[in-house]
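K.L.:
Please find the sequence and the predicted model below.
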Amino acid sequence: MSKNRKLLPYLYLFPAILFLILFVYIPIIQNIGFSFYDWNAFSPEKIFVGLENYLQLFRDPIFYEALKNNIWYAVISIIFQVFGALVIAAILEDKLVRRFSPVFRTVYFLPVIISMTVIALLFTFFYNPDVGLLNQLLRAIGLDHLAMAWLGDSKTAMFAVIAVSQWQSIGYIAMLYIVSIQKIPNELYEAAEIDGANKIKMFFHVTVPQTKEMSFVAVIITLTGAFTVFNEPYILTGGGPGNASEVLSTYLYKTAFSKDMMGYASTIATVILAITLVVSLIQMKLFKTGKEG
Amino acid sequence: MRKRFGILLVFLVAVSALLAGCSGGQSPSEKNGEVTLKFFHRWPKDPEKSFFDNAVKEFEKQNPKIHIQTEAVLNDSYKEKIRVMLGTNNPPDIYFSWSDEFADKFVRGNKALDLTPYYKEDAKWSSQLVQSQISPFTFNGKQYGVPWTMDGKTFFYNKDIFKKLNIQPPRTWEELISVSKVLKKNHYTPIAFGSKAPWAISHYIGTLNQRLVDEKTREKDYNRATGEFKDPGYTEALEKFKELVPYFNDHPNSIDHEYARQLFTAGKAAIIYAETAEIKLVEPGIKFKLGFFDFPSIPGEKGSKDFLTGAPEGFMISAKTKHPKEAMKFLEFLTSKPMGEKLVKDVGKYSAVKETTNRTNATPEQIEAVNKILDAKEMVPWFDTDVDIEIVDAYLNGVQMMLNGQKSPKGIMKDVRKAAASLRESSQ
């Protein structure tokens, strides 16, 4: 009986593991295999090219453009989404605001539950150069020279797309932080107050260190999100103008499904996998832990 | 013991339920001579969707033993999905296709059935098709597709604005520029243009290339195995396009073609380069008189002025189909004269069947447009379906940047030549 007891958990886990292997791990391994071939969805045979796809990728200027955009995505998301969300969470959990905090929480969280497609379409109107809300606002307050074709200009397209993501996701991270802040023992704040710390000092010396574990989770979520982002740029700009707002996954999608270069697309996918893997490993080392404590 | 059995049972049920969810896609049943055909097109929206739904109903009524299973996804997704679906072991029997390179790709991959025998067998049917529309589906002398609609690109203009400013529709490039200048001075947007979805660029480029590069060179360059794009005409074509940029609406890169068309229908823009199939979309919304003019002649042009940019759209049959006869029967039904007339009336697209656009089902403007297509000496396919996607990509990305002032015609051609070189290499 005791032997059966030991096996039982595995029996329960078996279906989940089976599907994880079937739908996640096997495709990943297959994909790495595919990246050594030159083929498309309906070519009669696959041609083995070894590392040729990788060599081509590292010489491809669009790849670097896309990578640069992903790095911008990551940096800006860390600053606004992670740090910004922590600030918002701290304010919402402050004694003075707590009474209204349910209202604000809903307001900040609402964008998270709206479909990305809807949001992207909404923002195409928002950014429209003639009738868009943003330019109209700028003109109304006399900042005409700042009004521009946000999504049509190569210089602003990427940042306009990144801004949409910040607006959408900040509520989610803020929610995570709110949960984390509520776990901080009140005594710490009381002790800090007795020691004469003001709100800002309390934030940096109590809230920030006490939510370290959550910060780790939040940074992982935003970083991997930043390197795999697809919907926002695909719907808002399609990677254009030119390749100004191309990110790795839109480039991957175009390569695979409109250019029919499945082998090359698999190569891009493998590189994305490697990047996200390395980023998570570095973080685990830096934070020295991965457990919520 | 019983408890353990219960656990095992629950587990088995759970797994089998999950597996059942994954195992779809059985082939349609075929009993007592009944046949089910899978039909894949690109119009999940009206008016085309209802047109096809009704056509299928009508066909099934006439042929009770044939059933048609329709699936549809929109435009850009269609381009992606059809490639993947044709690569599977269970492809659709009948599928929509653009002409030329888009269709040729399927022919090269052995995904399309040779329809030449059917064209010969049923000469009564095939002779009533507009013959010029068949050749874009003809490869190596064999017919691989049935043209369903025909379409051409021409300039639409607002007759009221032209009359008010006392200007004439331009016939030469110089006149186009001078007319645009007058329009701009009078605070109209001369030409509406939206390139956020970059295919709109390719329609201009296709026509300009045809005009400025002689036909033999162009044919050689558009072939992926021999393309070089070294002729100075290509750069000149881009220079000409660049001359129009000051007369487009502001920020063409941030608006799409539909929005540009609205600028025209609202009377804010005076000219738009549009497809004849769009007349039906423009006409109901306008309060002015609609006119057309041909793409103006350019000094020193090498290509014929009697060519028209435009292409048929049609259907192909999968090489793997088990029921080619039935599939062909459906295509012949879709391209019969009554269905063609219904298409013009209900959808506003011009059927590739002779004499289907007439006074009973079309406006005088639509008839004028169809005559332009019929009078054209030859059709020049849409540039983005005529050349390899790598070349299209280099062009469209480059022109988008040119519109933002970040790239010159010479710079674009450099990228195009590079893309052409790598294509030549890979197709050897």
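P.N.:
Happy to help now that I have it.

K.L.:
With chain A in mind, check whether stretch B:140-155 reaches it.
P.N.:
No. Stretch B:140-155 is not in contact with chain A by C-beta under 8 Å from any C-beta of the partner chain; minimum separation 14.8 Å. C-beta: built from backbone N, CA, C; applies to glycine.

K.L.:
in that stretch, what counts as buried?
P.N.:
When burial is assessed from 16 or more other C-beta atoms under 10 Å in any protein chain shown, stretch B:140-155 yields the following buried residues: B:143-155.

K.L.:
Now, these that are in strands?
P.N.:
Among those, the members found in strands (DSSP state E) are B:143, B:145-150, B:153-155.

K.L.:
Now do the host helix or strand of A:Glu65: which elements does it pack against?
P.N.:
Assigning secondary structure by DSSP states H and E places A:Glu65 in helix A:61-77. Secondary structure elements in contact with helix A:61-77, counted by 3 or more C-beta pairs under 8 Å, 6 or more residues apart in numbering or on different chains; DSSP states H and E, are helix A:157-182, helix A:212-228, helix A:248-253.

K.L.:
Send me that helix as CSV with only the CA atoms.
P.N.:
As requested, C-alpha coordinates have been extracted for helix A:61-77 and formatted as CSV (Å, rounded to 0.1, in the frame of the first residue of the first chain):
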residue,chain,number,x,y,z
PRO,A,61,20.5,43.6,-40.6
ILE,A,62,16.8,43.2,-39.9
PHE,A,63,17.6,40.6,-37.2
TYR,A,64,19.7,43.3,-35.4
GLU,A,65,17.0,45.9,-35.9
ALA,A,66,14.4,43.6,-34.4
LEU,A,67,16.7,42.6,-31.6
LYS,A,68,17.4,46.3,-30.8
ASN,A,69,13.6,46.9,-30.7
ASN,A,70,13.2,44.0,-28.3
ILE,A,71,15.9,45.4,-26.0
TRP,A,72,14.1,48.8,-26.0
TYR,A,73,11.0,47.0,-25.2
ALA,A,74,12.6,45.2,-22.3
VAL,A,75,14.4,48.3,-20.9
ILE,A,76,11.3,50.5,-21.0
SER,A,77,9.1,47.8,-19.7
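
K.L.:
Can you name the residue of chain B that approaches chain A most closely?
P.N.:
As assessed by C-beta to the nearest C-beta, chain A sits closest to B:Ser254 within chain B, at 2.8 Å.

K.L.:
List phi and psi for that residue.
P.N.:
Main-chain torsions, B:Ser254, degrees, to the nearest 10: phi -100, psi 0.

K.L.:
Can you tell me the closest non-neighbouring residue to it?
P.N.:
A:Gly152 (2.8 Å; C-beta to C-beta, 6 or more residues apart in numbering or on different chains).

K.L.:
Lowest average confidence across the helices and strands packed on helix A:61-77, which one?
P.N.:
Here the lowest mean pLDDT among the helices and strands packed on helix A:61-77 goes to helix A:212-228, at a mean of 89.

K.L.:
just how off-centre is that helix within its chain?
P.N.:
Using C-alpha atoms, centre = their mean, to the nearest Å, we find the averaged C-alpha position of helix A:212-228 to lie 8 Å away from the chain's own average C-alpha position.

K.L.:
ok, and what's touching that helix?
P.N.:
Under the contact criterion C-beta atoms under 8 Å, 6 or more residues apart in numbering or on different chains, helix A:212-228 has outside partners A:70, A:73-74, A:77-78, A:81-82, A:85-86, A:169, A:173, A:176-177, A:179-180, A:208, A:248-249, A:272, A:275-276, A:279-280, A:283, A:287, A:289-293.

K.L.:
Any of the residues you listed buried? List them.
P.N.:
Of the members of the contacts of helix A:212-228, the ones counted as buried by neighbours, 16+ other C-beta under 10 Å, are A:70, A:73-74, A:77-78, A:81-82, A:85-86, A:169, A:173, A:176-177, A:180, A:248-249, A:272, A:275-276, A:279.

K.L.:
if we can go back for a sec, would JSON lines of the buried residues of stretch B:140-155 with distance to B:Lys410 and pLDDT be doable?
P.N.:
Conversion of the buried residues of stretch B:140-155 to JSON lines gives the following (distance: C-beta to C-beta, whole Å; pLDDT from 0 to 100):
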{"residue": "B:Gln143", "distance to B:Lys410": "41", "pLDDT": "93"}
{"residue": "B:Tyr144", "distance to B:Lys410": "38", "pLDDT": "95"}
{"residue": "B:Gly145", "distance to B:Lys410": "38", "pLDDT": "93"}
{"residue": "B:Val146", "distance to B:Lys410": "42", "pLDDT": "94"}
{"residue": "B:Pro147", "distance to B:Lys410": "38", "pLDDT": "94"}
{"residue": "B:Trp148", "distance to B:Lys410": "40", "pLDDT": "94"}
{"residue": "B:Thr149", "distance to B:Lys410": "38", "pLDDT": "93"}
{"residue": "B:Met150", "distance to B:Lys410": "36", "pLDDT": "92"}
{"residue": "B:Asp151", "distance to B:Lys410": "33", "pLDDT": "91"}
{"residue": "B:Gly152", "distance to B:Lys410": "31", "pLDDT": "92"}
{"residue": "B:Lys153", "distance to B:Lys410": "26", "pLDDT": "93"}
{"residue": "B:Thr154", "distance to B:Lys410": "30", "pLDDT": "93"}
{"residue": "B:Phe155", "distance to B:Lys410": "28", "pLDDT": "95"}
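
K.L.:
I'd like to know how far A:Ala191 sits from chain B.
P.N.:
A:Ala191 sits 52 Å away from chain B when distances are taken as C-beta to the nearest C-beta, to the nearest Å.

K.L.:
cool, A:Ile26 as well?
P.N.:
From A:Ile26 over to chain B the distance is 14 Å, taken as C-beta to the nearest C-beta.

K.L.:
Please, which helix or strand holds B:Gln400?
P.N.:
helix B:389-403.
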